[in-house]
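Turn this into a structure:
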Amino acid sequence: MTAMTEPNPLSGLPPDDRPLFRRFGHGPSVTPPFQRIHHAFEVHAARSPGARAVEHEGNCVTYGELDHRANVVAAALVDAGVRPGDHVGLFLTRSIPMVVGMLAVLKAGAAYVPQDVRITPRHHLDHVMRTADIDVVITTKEHSSAVTAATVLVLDTLPDREAPAPRPAANGETAVVIFTSGTTGVPNGVLVTHGNLCNVLLTEPGSLGIRPGDRVAQLLNIAFDMAVWEVFGALTHGATCVIRGQDPARTAETATVLIATPSVLSTVDPDGCPDVRVVAVAGERCPQPLADAWSARAAFHNACGPTEVAIVNTVQRYDSAAGGLTIGRPVPNTSVYVLDENLRPCRIGEVGEMWAGGACVTAGYLGNDVLTAQRYRPDPFRGGDHLMFRTRDLGRWTPDGELEHHGRTDDQVKVRGFRVELDGITSALETAPGCVRATAVLHDGELVGFVSPATVSPCDAKDAVARRLPYYCVPSRVLAVDDLPVTERGKVDRAALASLVPVA
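Modelled structure (predicted):
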């Protein structure tokens, strides 16, 4: 990929496309009401201290209690030597102490690094601690034996005391460090700033219209960036964060707001959730049947964006009667550019790679300047010191200015000499009669489709692909399964699916 050399970055576009490139590609200009994400929570804690803040398996804390507990832990962090800009490990699992720890670290001016200690391998925790230069770890008594650090704060053994909220002279810009899987298998820490979070969570549509009295389900792995949306989406708007136990569907039954990956949402029966009024999905491609089922009863938002663009940077409010399912438009103060392999703008309607700019762009990869330089580039469309991020998502603009997702650059595979997009095959498979979810993998050079539930006819699924795509896109085999396996972060696990392919 080469750098752009034209003085005017739009000079290669036809004149009619230039205003559309700017109009479609830029979200509205909106000023978030806070510059620190926990300050929005503190306003609600002062205004309504008796309101329910967090529930988990029969236990509950109010906003006032949560604020007090977080202040106590924040004071302990400062006493332990934590300073603004430091990284503090949050190594525990879904719980009320988890939320206390998140707020406490932010109040101390530091950034929290979340990992679910029950399921994270020891070598992964060690990598996280080394990469993030973590000296202090927050955990609970149940998990303290699994944590090794210079200082370990065990939340449920800290004595109570009067502790006003620390007010550091300077606050670190980073709020949370999210470790992604990385294309090489080595986890990369993404530096997500307060500005990133305030921009997406405190403005529409990312705020999802959440308000006091809402119950926002917390269903996802705490190390996943969308868990930040669940927790702070609730607490920054005066709602209740309802943390799941063993059964996510049971938690969803009492919720009014659901934020999940499509894979996780597909395990929840809409008929069992009579109070849900808002649903948002992101993290992977959303099947049309899933969007149709939920949009019939709730405001359904289909969103897109990797961790590096702060949870999501495009959102569509989907209405099946108004048009097709897309990933929507840029959120406020952000941009999306559809570019070719030479970083030149594609014509409106042409498929290209999506680059994200503006307030969504995170501060890079922790301790990996080489990868940061590869994926974060100077933004020629905003100029100055602005950066844009290479999402590796493929997309195109519709005539009315919405983005269609066309898979990922790393989901393109070669089959019989032809380049094939696995997401396109997935979409075609899902049009088969009775199919709710589908996916496709390349296994030992063979294109294999998976459909769910197991009652779907593999022949019908093949026919569905043949009617919509060229012959070389038709899977040589289609396997019908009860459920598609998912990763710990709630996405379809293609590696696990490949292991299900029987030997021919």
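
Quick one: the helices in the protein, in order.
In the chain, the helices defined using DSSP state H lie at 17-25, 37-47, 63-79, 96-107, 122-132, 194-201, 225-235, 248-252, 262-265, 288-295, 369-375, 422-429, 458-468, 494-498.

now for the fifth one, which elements pack on it?
Translated: helix 122-132. Judged by 3 or more C-beta pairs under 8 Å, 6 or more residues apart in numbering; DSSP states H and E, helix 122-132 is in contact with strand 87-92, strand 111-116, strand 174-180, strand 188-193. C-beta here means a position set from N, CA and C on the backbone, and glycine is covered the same way.

will you turn these into a markdown table that also has distance to Q246?
As requested, the helices and strands packed on helix 122-132 are exported to a markdown table (distance: least, C-beta to C-beta, whole Å):
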| stretch | distance to Q246 |
| --- | --- |
| strand 87-92 | 17 |
| strand 111-116 | 14 |
| strand 174-180 | 25 |
| strand 188-193 | 29 |
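
Please tabulate these in a markdown table, including the columns mean pLDDT.
Formatted as a markdown table, these follow (pLDDT from 0 to 100):
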| stretch | mean pLDDT |
| --- | --- |
| strand 87-92 | 97 |
| strand 111-116 | 96 |
| strand 174-180 | 94 |
| strand 188-193 | 95 |
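
Including mean neighbour count, mean pLDDT and distance to I138, could the helices of the chain go into a markdown table?
Output for those, formatted as a markdown table (neighbours: other C-beta atoms under 10 Å; pLDDT from 0 to 100; distance: least, C-beta to C-beta, whole Å):
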| stretch | mean neighbour count | mean pLDDT | distance to I138 |
| --- | --- | --- | --- |
| helix 17-25 | 17 | 94 | 40 |
| helix 37-47 | 20 | 97 | 15 |
| helix 63-79 | 21 | 96 | 7 |
| helix 96-107 | 27 | 97 | 4 |
| helix 122-132 | 16 | 91 | 13 |
| helix 194-201 | 25 | 98 | 19 |
| helix 225-235 | 26 | 97 | 15 |
| helix 248-252 | 20 | 92 | 24 |
| helix 262-265 | 24 | 91 | 26 |
| helix 288-295 | 19 | 94 | 35 |
| helix 369-375 | 14 | 92 | 27 |
| helix 422-429 | 23 | 87 | 39 |
| helix 458-468 | 18 | 92 | 48 |
| helix 494-498 | 15 | 81 | 32 |
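
Sort out which residues of stretch 400-411 are buried, please.
Within stretch 400-411, the residues that count as buried by 16 or more other C-beta atoms under 10 Å are E402, L403, H405, H406, G407, R408, D411.

pLDDT of that stretch, averaged?
Mean pLDDT, stretch 400-411: 86.

Likewise for stretch 476-489?
The model assigns stretch 476-489 a mean pLDDT of 88.

who's in contact with that stretch?
Applying C-beta atoms under 8 Å, 6 or more residues apart in numbering, the external contacts of stretch 476-489 come out as 116, 119, 220-221, 223-224, 261, 263-264, 283, 429, 437-439, 446-459, 461-462, 492-493, 496-497, 500-501.

which of the residues you listed count as buried?
Among the contacts of stretch 476-489, those classed as buried by 16+ other C-beta under 10 Å are 116, 220-221, 223-224, 261, 263-264, 283, 429, 437-439, 447-452, 456-458, 461-462, 492-493, 497.

still on that earlier bit, nearest to D423, of the buried residues of stretch 400-411?
Among the buried residues of stretch 400-411, G407 lies closest to D423 (C-beta to C-beta), at 3.3 Å.

how near is the closest residue to the closest one other than its chain neighbours to T439?
The shortest distance from G407 to any non-neighbouring residue, by C-beta to C-beta, 6 or more residues apart in numbering, is to D423 (3.3 Å). The gap separating D423 from T439 is 9 Å, by C-beta to C-beta, to the nearest Å.

and if you look at R344?
32 Å.

for R494, same thing?
On the measure of C-beta to C-beta, R494 and T439 end up 7 Å apart.
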